[in-house]
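Asker: Provided below for reference: sequence and predicted model.
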There are 2 protein chains.
Amino acid sequence: MKRDSRLSGLLHVLLHMAGRDVPVTSEHLARIMQTNPVVIRRIMAGLRKRGYVSSGKGHGGGWVLARDLAEITLRDVHEALGEPELLAIGHRTEAPSCLIEQAVNAALADSFREAEAMLLARLGTVTLAMLHADFSARLALRGRAEGSCP
Amino acid sequence: MKRDSRLSGLLHVLLHMAGRDVPVTSEHLARIMQTNPVVIRRIMAGLRKRGYVSSGKGHGGGWVLARDLAEITLRDVHEALGEPELLAIGHRTEAPSCLIEQAVNAALADSFREAEAMLLARLGTVTLAMLHADFSARLALRGRAEGSCP
DNA sequence: CATCATGTAATTATAGAAGTTACATGAAAA
DNA sequence: TTTTCATGTAACTTCTATAATTACATGATG
């Protein structure tokens, strides 16, 4: 089962935007993410709706951060993506009539809920500012090199 | 991202086997799971290798439980499936050269590890015997009805 | 008004899992 | 001992969810 890397990718893109004060085009971001501009627009739409970024058309248009990095948590970004499933495993049947399967579902559901809640809580404590600080620390360690992709 | 229901399905099958003392054919199990006998054999192979079930060929052949339900945890079953991924989200790049992406990965990795460890620990505390007891309780509540699929 | 960039619907391509076929192996019954 | 039945696997064929692409509309800027 292939793992969804949109959260990871979107965080990458947001931190790249953080460095710049001019709008960044979807095409530019797509190059960084090695994907298609349309995919970027689709993903960014959720962030725009929540006011984390804004977009402009025409010459000099593109995407800019609309909030401070410290105000955005990883959980916020996850929600902006439409709260995709966190767990890779699930029930075979959602509302089974078979009592055996009901018992199976009940046992699994508890564990699933707990793990999801924990992960969400954890994501809620990490801000983009923290990630950016970590990046800066890594950059300092590595020396003068660029350190990030184009 | 579609969730993997093999664990759920396999548990269902195992509990159905628990009731009977005669071998159950792959074809029969496939009917319960609404799938193909070959799929059943593929999945059961992992359980057999670990000694949880045994299989016999020819007339009167099929699958039987080789261990007590109390000796098998949900974690054991998960491992018998080949330890499929538990989390639906992951890193975009596993070993990125971009320092920004390294920071992103590091932040996510902590949360991921923690959630996975917790879920595995949780699955390790639940035995098939517990699930069977839960099934029996549900059966008692419902009355005389069959309660489980064929 | 020409160009550039986003906004979105519609379509196509791709990859991974599930399902199926085919046939070999071996056990029990006739 | 021959037939039937069931597993054991490899090979192949759908199937399906997602990403990628195409196409075109909207609107801003020089």
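Answerer: Structure's in. What do you need?
Asker: Near DNA strand C, which residues of chain A are found?
Answerer: A:1-2, A:25-27, A:37-38, A:41-42, A:44-45, A:48, A:55-63 (C-beta under 7 Å from any atom of the strand). Backbone N, C-alpha and C define where each C-beta goes, glycine included.
Asker: pLDDT wise, what is A:R144 at?
Answerer: A:R144 is assigned a pLDDT of 57 by the prediction.
Asker: Write the PyMOL selection for whichever of the residues of chain A next to DNA strand C are buried.
Answerer: The PyMOL command for the buried members of the residues of chain A next to DNA strand C (criterion: 16 or more other C-beta atoms under 10 Å in any protein chain shown) is given here:
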select buried, chain A and resi 25+26+44+55+62+63
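Asker: Could you tell me which of the residues of chain A next to DNA strand C are located in helices?
Answerer: Counted as lying in helices by DSSP state H, out of these, are A:S26, A:E27, A:P37, A:V38, A:R41, A:R42, A:M44, A:A45, A:R48.
Asker: ok, and does stretch A:132-140 reach over to chain B?
Answerer: Yes: judged by C-beta under 8 Å from any C-beta of the partner chain, stretch A:132-140 comes into contact with chain B through A:H132, A:D134, A:F135, A:R138, A:L139.
Asker: Quick check: of these, which has the highest neighbour count?
Answerer: A:F135 (24 neighbours; other C-beta atoms under 10 Å in any protein chain shown).
Asker: Against DNA strand C, how distant is the nearest residue to that one once chain neighbours are set aside?
Answerer: Distances taken as C-beta to C-beta, 6 or more residues apart in numbering or on different chains place B:A103 nearest to A:F135, at 4.3 Å, with adjacent residues excluded. According to C-beta to the nearest atom of the strand, to the nearest Å, B:A103 and DNA strand C sit 24 Å apart.
Asker: Tell me which helix or strand B:A103 sits in.
Answerer: When elements are assigned from DSSP states H and E, B:A103 belongs to helix B:99-124.
Asker: Tell me which residues of that helix come out buried.
Answerer: B:99-105, B:107-108, B:111-112, B:115, B:118-120, B:122-123.
Asker: Touching, A:L108 and B:S5? I think so.
Answerer: No: using C-beta atoms under 8 Å, A:L108 makes no contact with B:S5, being 10.0 Å away.
Asker: between those two, what contacts are shared?
Answerer: By C-beta atoms under 8 Å, 6 or more residues apart in numbering or on different chains, A:L108 and B:S5 have these common neighbours: A:I89, A:H91.
Asker: And the helix holding B:A103, what does it pack against?
Answerer: The helices and strands touching helix B:99-124, judged by 3 or more C-beta pairs under 8 Å, 6 or more residues apart in numbering or on different chains; DSSP states H and E, are helix A:6-18, helix A:74-80, helix A:99-124, helix A:128-142, helix B:74-80.
Asker: thinking again about what came up before, I'd like to check which residues are in contact with the residue nearest to A:F135.
Answerer: Neighbours of B:A103 in contact, by C-beta under 8 Å, 6+ apart: A:L15, A:L131, A:H132, A:D134, A:F135, A:R138.
Asker: wait, the fourth one sits on B:A107?
Answerer: If I follow you right, that is A:D134. Yes: contact criterion C-beta under 8 Å: A:D134 and B:A107 qualify, at 6.9 Å.
Asker: thinking again about what came up before, if I take the helix holding B:A103 and helix A:99-124, what angle do their directions form?
Answerer: On the basis of axes from the mean of the first three to the mean of the last three C-alpha atoms, to 10 degrees, helix B:99-124 is oriented at 150 degrees to helix A:99-124.
Asker: any chance of the ones in helices among the residues of chain A next to DNA strand C in JSON lines, with pLDDT and distance to A:D68 too?
Answerer: Formatted as JSON lines, those follow (pLDDT from 0 to 100; distance: C-beta to C-beta, whole Å):
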{"residue": "A:S26", "pLDDT": "97", "distance to A:D68": "23"}
{"residue": "A:E27", "pLDDT": "96", "distance to A:D68": "26"}
{"residue": "A:P37", "pLDDT": "96", "distance to A:D68": "27"}
{"residue": "A:V38", "pLDDT": "96", "distance to A:D68": "29"}
{"residue": "A:R41", "pLDDT": "96", "distance to A:D68": "24"}
{"residue": "A:R42", "pLDDT": "94", "distance to A:D68": "25"}
{"residue": "A:M44", "pLDDT": "95", "distance to A:D68": "18"}
{"residue": "A:A45", "pLDDT": "94", "distance to A:D68": "21"}
{"residue": "A:R48", "pLDDT": "96", "distance to A:D68": "17"}
